[in-house]
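J.: Sharing a sequence plus its predicted fold:
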Amino acid sequence: MIHTNSDNRCVCVVFNTKLDRFLVYDKSNPHKFAIGITIEQALKKLTNAA
């Protein structure tokens, strides 16, 4: 049995102008999202939450 782990995912990034924050969510699971000051910070939070 061969086990492969793929980190490829399709995400959507939205900038909230009222909060001045980026919202990042996984398109395959839109209920999981993260908010960050930068896109990188939001992606890191999303990855750690998964």
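T.: Happy to help now that I have it.
J.: Buried by neighbour count: which residues of the lengthiest strand in the chain qualify?
T.: For the chain, the strand that runs over the most residues, judged by DSSP state E, is strand 29-36. Under the neighbour-count criterion of 16 or more other C-beta atoms under 10 Å, strand 29-36 has Phe33, Ala34, Ile35, Gly36 buried. In short, each C-beta sits where N, CA and C put it, glycine included.
J.: Out of those residues, which comes closest to Asn48?
T.: Taking C-beta to C-beta as the measure, Asn48 lies nearest Ala34 of the buried residues of strand 29-36, at 8.4 Å.
J.: Verify the stated contact: the closest one with Asp26.
T.: No: the pair Ala34 and Asp26 does not pass the contact test of C-beta atoms under 8 Å, sitting 9.5 Å apart.
J.: Which neighbours do the two have in common?
T.: Jointly contacting Ala34 and Asp26 under the rule C-beta atoms under 8 Å, 6 or more residues apart in numbering are Leu46.
J.: how about JSON lines for the buried residues of strand 29-36, with pLDDT and distance to Cys12 added?
T.: What follows is the buried residues of strand 29-36, written out as JSON lines (pLDDT from 0 to 100; distance: C-beta to C-beta, whole Å):
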{"residue": "Phe33", "pLDDT": "91", "distance to Cys12": "9"}
{"residue": "Ala34", "pLDDT": "93", "distance to Cys12": "12"}
{"residue": "Ile35", "pLDDT": "95", "distance to Cys12": "13"}
{"residue": "Gly36", "pLDDT": "95", "distance to Cys12": "14"}
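J.: Return the member of these nearest to Ala42.
T.: When those are ranked by distance to Ala42 (C-beta to C-beta), Gly36 comes first, at 3.2 Å.
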